[in-house]
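Visitor: From the sequence below, what's the structure:
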Amino acid sequence: MKKPLRILVTNHHLYQYTGTEVSSLILCKYLRKEGHEVVFYSKYLGNKLVKTMEDYKVKVVDNLNLIRNQKFDIAHVQHNICAYEVRYYFPDLPMVLWVHGYVPFLEQVPAIDLNISYILTINKTVRDHVFKLGVPKHKIIVFRNLVDSEAFYVKKPISKTIKNVLVLSNKLSVEKQTVIESVINQLGLKSVHIGSVYNNMVDNNKLVDYINNADLVFTISLGAIESMFCGRIPILFDENSTQFTDGLVDTGNFDFLKENGFSGRSLKRIMTENDILDDLQKYNYKQGELLRKKALKNYEANQQIKKIVDIYNQAIKNFKKKQLSKKNNEILYHLIRSVEEARFYSIDVLRAQTSTIQGLDINSLESDDQKIMHECFHYVELSNRVNSLNEKIFQLKLDLNKIKNSRYYLLWQKFNKLKKIIK
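Guide: The predicted structure follows:
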């Protein structure tokens, strides 16, 4: 094995089990398994996911300013805001940017040249979008999503006919919910509904059981791939910022649908209730195992992590330092200051609101509510203390560096050396 790398991984947010947050967890887990040191940065953190990162022996930070003097070999960045921040705090660090889509703002390529070594795209559709924006072809690499085969696998056989359905979505519209429920009722199927739209979020380590208890899964994107890892058949019918859906996945359309990330935007179908019923007539339980093999071949984390480390080493080897232009430096400075100011006032408003809540008579609340409120106050108090201590530590480090670089300190060091020689 080559020398282990020290890698800075970023994602704009890390507080629930969706999209890039799940990708971040799997990326960091498997980088650590390969022996690399990983520090993860995000401004918006949730306790559960931070705990998971820490279980993987990954250090988590929410302020790049506090680690700007640390040395890294490369930054694996997700989201354009993070790319701006990394380049501001680490002007000479090789960087790759992993782009997961072409619709969300955070997935757009940065508006100024940040000397990014490679743009990684999760499929060919995103690759083509990035190329149209002017990124040279030699700087774009298709690097597909990672799915954890240790977390998603077959635990029980799929039924020969559809008996159980899982609806897995965070954004499903009321209209589409109504269509799905009508289909489920007409066919007399049992169903379970998971996701923020149903106010029923499930930890990633429990999701495998829900998928294995279903034969068919209404979902898109990462949910579809995870379903196939479990030998289940996904039907792409969910919200995706368009009116389109793709319907039932099978081995005949797998390769075509994967190039749009199983987003439901490939076939440009506008599916009615009858269209879904027609698709379900094509259900063949044998497809479950065939789809599983194809999904493993394209997305299995153990093999994907070896590819990304090769990309890192190539980026490090070919990296050339390049100063930003004066204009781009000014733009970058104002962008970073804008982000920091917005965050400061968001936290300030939250503290003010918390203070207002703290004025409530806790004893007047129900016992469970009292417990939650006390935990909230305790968490806010601890967070404030930690932030205050971090700021003091950072300031002390700056003061220490100033002392070490001062003329008098250097003279004092030379004087001590002379004293030892004389003795």
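Visitor: In terms of helix, strand or coil, where does the closest residue to residue 249 other than its chain neighbours fall?
Guide: Nearest non-adjacent residue to residue 249, counting by Cβ to Cβ, 6 or more residues apart in numbering: residue 234, 5.0 Å away. No exception for glycine: its C-beta is placed from N, CA and C like everyone else's. Classification of residue 234 using DSSP: H, G, I helix; E, B strand; the rest coil returns strand.
Visitor: Use 555 as the first number from now on
Guide: Sure, I'll start counting at 555 from here, so that last one is residue 788.
Visitor: quick one: residue 788 and residue 751, what's the gap?
Guide: Here the criterion is Cβ to Cβ, to the nearest Å. By it, residue 788 lies 17 Å from residue 751.
Visitor: I'd like the distance between the nearest residue to residue 853 once chain neighbours are set aside and residue 568.
Guide: Residue nearest to residue 853 in three dimensions, not counting chain neighbours: residue 701, with 4.5 Å by Cβ to Cβ, 6+ apart. Summarising the geometry, the distance separating residue 701 from residue 568, computed by Cβ to Cβ, is 18 Å.
Visitor: who has more neighbours, these two?
Guide: Here residue 701 and residue 568 are set side by side on neighbour count (other Cβ atoms under 10 Å), and the busier one is residue 568, at 25 against 22.
Visitor: domains of this structure?
Guide: 560-700+855-872, 718-853, 919-966 (automatic domain parsing).
Visitor: Tell me the span between the first and last residue of the second one.
Guide: In domain 718-853, first residue to last residue: 26 Å (Cα to Cα, to the nearest Å).
Visitor: so after the lowest-mean-pLDDT helix or strand in the chain, what's the next helix or strand?
Guide: Least confident helix or strand of the chain, by mean pLDDT, DSSP states H and E, is helix 921-959 with a mean of 58. Sequence order places helix 961-976 as the next helix or strand after helix 921-959, per DSSP states H and E.
Visitor: list the buried ones in that next one?
Guide: Residues of helix 961-976 classed as buried by neighbour count (16 or more other Cβ atoms under 10 Å): none.
Visitor: List the contacts of it.
Guide: When contacts are defined by Cβ atoms under 8 Å, 6 or more residues apart in numbering, helix 961-976 is touched by residues residue 957.
Visitor: how far out from the middle of the chain is that helix?
Guide: The chain centroid and the centroid of helix 961-976 are separated by 51 Å, computed with Cα atoms, centre = their mean, to the nearest Å.
Visitor: Could you do stretch 802-814 as well?
Guide: Using Cα atoms, centre = their mean, the mean C-alpha position of stretch 802-814 is found 24 Å from that of the whole chain.
Visitor: one step back: got the domains of the chain as TSV, with distance to residue 887 columns?
Guide: Formatted as TSV, the domains of the chain follow (distance: least, Cβ to Cβ, whole Å):
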stretch	distance to residue 887
domain 560-700+855-872	7
domain 718-853	32
domain 919-966	19
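Visitor: Would you single out the least confident of those?
Guide: Comparing mean pLDDT across the domains of the chain, the weakest is domain 919-966, with a mean of 59.
Visitor: Quick check: residue 566 touching residue 639?
Guide: No: using Cβ atoms under 8 Å, residue 566 makes no contact with residue 639, being 9.6 Å away.
Visitor: Look at those two and report which has more neighbours.
Guide: Under the neighbour definition other Cβ under 10 Å, residue 566 and residue 639 were set side by side, and residue 639 has more, 25 against 19.
Visitor: Give me the nearest residue to the more buried one, chain neighbours excluded.
Guide: Setting aside the residues directly before and after it, residue 639 is nearest to residue 618 in space (Cβ to Cβ, 6+ apart), at 5.6 Å.
Visitor: again, but for residue 882
Guide: Distances taken as Cβ to Cβ, 6+ apart place residue 666 nearest to residue 882, at 4.6 Å, with adjacent residues excluded.
Visitor: Look up how far residue 749 lies from the closest residue to residue 826 other than its chain neighbours.
Guide: Residue nearest to residue 826 in three dimensions, not counting chain neighbours: residue 733, with 7.5 Å by Cβ to Cβ, 6+ apart. With distances defined as Cβ to Cβ, the gap from residue 733 to residue 749 amounts to 16 Å.
Visitor: Over to residue 789?
Guide: From residue 789 to residue 749 the distance is 15 Å (Cβ to Cβ).
Visitor: what about the residue nearest to residue 826, neighbour count?
Guide: Per other Cβ under 10 Å, the neighbour tally for residue 733 reads 20.
Visitor: did I read that right, it in a strand?
Guide: No: counting by three-state DSSP, residue 733 falls outside a strand, being helix.
Visitor: Would you mind measuring from it to residue 722?
Guide: Between residue 733 and residue 722 the computed distance is 16 Å (Cβ to Cβ).
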